[in-house]
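Asks: Just the structure for this:
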Amino acid sequence: MTRPYHTTAAFVPLRKKAALVRSAKRRRNGVRAAARSGKRHARRGRSPWRKAAPVSHRRRRMADFSAAHTQELNLPDTGEIRDSRTDQAEESAYAKGFDAGYKAGAATGAEEEMASLLPPYTILPGVSAKEVMEAGLQRFLPRLQPLLKPEEVHVRLEQSLALKKPLSVVRLGDGELLALAHDTVLPLAHAKAAGPFLTRAGITLPDYEARERLAEAVRGADIIGIPASRLPTYQGLLFPVLRYYGIGHDPHRFTISTINYALHEHRLLQPLLRNRQVLVIGNKAEPLAEVLSASGVHITGTVAPVNGFRDVPGALAATAQHTFDIALVASGIPAVVICQTIAAELGKVALDFGHLADKLISGELTYDDDAS
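Replies: Alright, predicted model coming up:
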């Protein structure tokens, strides 16, 4: 592998989540460390309990923030491991704080970047960085490349169903892009650091066989959802990955990666599934099937589990045993391979359903078919 990683836009320091460690073992190690520290101080003729010198204002402020953050999250001081509900609450609180901080930092960074582009000894009062970007964007409007709109994707799906022709709609998010990028356009260590969630999404790095199967499925897919975000692990990886695998940008093939949500939001999913035989694939196939059935969708079967790429052959074999018009696949990163294979080998229509399944199951989103 001789590809120069540093030439890709994706090789950017990524944001990392600081892990909160609360194990009893680590606490005991801390006690032992304190004891060893006390012995060293004793050998030097100093008291281990000697009052520390005053910390700087910055260090004191960081200490105060850490204490306040710990109190806000209600972290225990016993070193005990808590249940998953507490961990989820912490993750949610962290995510909200991180998002707020990131947005503020991004705005500040944009202003600083703009300031660095101004001629020396000049200022630009009363004009924000956003206004400058909006004005500058006008110059590049001729270079905009269109994506398929939800209505256009719906027409393609409807036509394929009516004519009984195969069609696969797959989606590329940060998980799929990191899976494709590891040891190709990104070093393995960088991809693993950027994707601690990948195992839950269906792949554990390194997995070169899964990577190549995923790349082949993207090449063969009929419609590909790509991210609108320009962050490093989204479009920052997308275009280097497409170039590496020789996948050209065909405006008749690409749509947004959230096309699953867009079809639902624009109420295009309901007429698509109406009076059709629907197969549901994924770990939450049964609860999703129940939700859809309650709204009049004709479910002909479910296929589960799909716990990563190792379950793909079994899931495809089970899929071939069912009668259906369209398959809704919610199985993480392997959904790309499953959808494309269903279209290519079974001649059916397959839609990468993604986390829309979770939102319908939880009730966060509703599936209401006015005609049912």
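
Asks: For the helix or strand hosting residue 214, name the packing helices and strands.
Replies: Element membership for residue 214, per DSSP states H and E: helix 208-220. Contacts defined by 3 or more C-beta pairs under 8 Å, 6 or more residues apart in numbering; DSSP states H and E place helix 208-220 against strand 167-171, helix 174-181, helix 334-346. Any C-beta I mention is one placed from the backbone N, CA and C, and that applies to glycine too.

Asks: Compare the ones you listed and give me the one nearest residue 274.
Replies: Nearest to residue 274 among the helices and strands packed on helix 208-220 is strand 167-171 (17.5 Å), distances taken as C-beta to C-beta.

Asks: and that closest one, what's its mean pLDDT?
Replies: What strand 167-171 shows for mean pLDDT is 98.

Asks: what's the answer for stretch 313-324, then?
Replies: Taken as a whole, stretch 313-324 has a mean pLDDT of 98.

Asks: so how far is the first residue of it from its last?
Replies: 19 Å (C-alpha to C-alpha, to the nearest Å).

Asks: gap between it and the chain center?
Replies: Centre-to-centre, stretch 313-324 and its host chain are 27 Å apart (C-alpha atoms, centre = their mean, to the nearest Å).

Asks: what sits up against the helix holding residue 214?
Replies: Contact with helix 208-220 is made by 168, 170, 172, 176, 179-180, 182-184, 203, 224, 245-247, 309, 312, 333, 336-337, 339-341, 344, as judged by C-beta atoms under 8 Å, 6 or more residues apart in numbering.

Asks: Which of the residues in that helix are classified as buried?
Replies: 210-211, 213-215, 217-218 (16 or more other C-beta atoms under 10 Å).

Asks: Same check on stretch 334-341?
Replies: So, applying 16+ other C-beta under 10 Å, buried residues of stretch 334-341: 334-341.

Asks: Of these, just say which sits nearest to residue 302.
Replies: Residue 302 lies nearest to residue 338 out of the buried residues of stretch 334-341, by C-beta to C-beta, at 13.6 Å.

Asks: Now the closest one. Nearest residue, chain neighbours left out?
Replies: residue 329 (5.1 Å; C-beta to C-beta, 6 or more residues apart in numbering).

Asks: burial of residue 143, as a residue count?
Replies: 6 (other C-beta atoms under 10 Å).

Asks: and the residue nearest to residue 338, what is it in contact with?
Replies: Contacts of residue 329 (C-beta under 8 Å, 6+ apart): 281-282, 335, 338-339, 342, 350-353.

Asks: So residue 299: helix, strand or coil?
Replies: strand (DSSP: H, G, I helix; E, B strand; the rest coil).

Asks: so who does the closest residue in space to it that isn't next to it in sequence touch?
Replies: Distances taken as C-beta to C-beta, 6+ apart place residue 289 nearest to residue 299, at 4.5 Å, with adjacent residues excluded. Residue 289 makes contacts with 280, 299, 302, as judged by C-beta under 8 Å, 6+ apart.

Asks: By neighbours, which of those wins?
Replies: Neighbour max across the contacts of residue 289 (other C-beta under 10 Å) = residue 280, 29 neighbours.

Asks: Same list as before, the helices and strands packed on helix 208-220 that is, but in CSV and with distance to residue 318 included.
Replies: Listed next are the helices and strands packed on helix 208-220 as CSV, based on distance: least, C-beta to C-beta, whole Å:
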stretch, distance to residue 318
strand 167-171, 18
helix 174-181, 23
helix 334-346, 11
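
Asks: any weak-confidence spans in the protein?
Replies: For the chain, the stretches flagged by pLDDT under 70 are 1-92, 94-95, 98, 102, 371-372.

Asks: in the strand or helix carrying the residue nearest to residue 299, what counts as buried?
Replies: According to DSSP H and E, residue 289 maps onto helix 285-294. Neighbour-count burial for helix 285-294, counted by 16+ other C-beta under 10 Å, picks out 285, 287-289, 291-292.

Asks: okay if I get the contacts of residue 289 as JSON lines plus distance to residue 156?
Replies: Conversion of the contacts of residue 289 to JSON lines gives the following (distance: C-beta to C-beta, whole Å):
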{"residue": "280", "distance to residue 156": "21"}
{"residue": "299", "distance to residue 156": "23"}
{"residue": "302", "distance to residue 156": "25"}
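
Asks: Closest to residue 194 out of the buried residues of helix 208-220?
Replies: Distance to residue 194 across these (C-beta to C-beta) is lowest for residue 211, with 15.1 Å.

Asks: how near is the closest one to residue 175?
Replies: 12 Å (C-beta to C-beta, to the nearest Å).

Asks: before we move on, the earlier item: tell me the one of the contacts of residue 329 nearest residue 238?
Replies: Nearest member of those to residue 238, counting by C-beta to C-beta, is residue 352, at 16.1 Å.

Asks: residues in contact with that closest one?
Replies: Counting by C-beta under 8 Å, 6+ apart, residue 352 has contacts 169-171, 225, 260, 329, 335-336, 339.

Asks: Please repeat the previous calculation with a cut-off of 7 Å.
Replies: Going by C-beta atoms under 7 Å, 6 or more residues apart in numbering, residue 352 touches 169-171, 260, 329, 335-336, 339.
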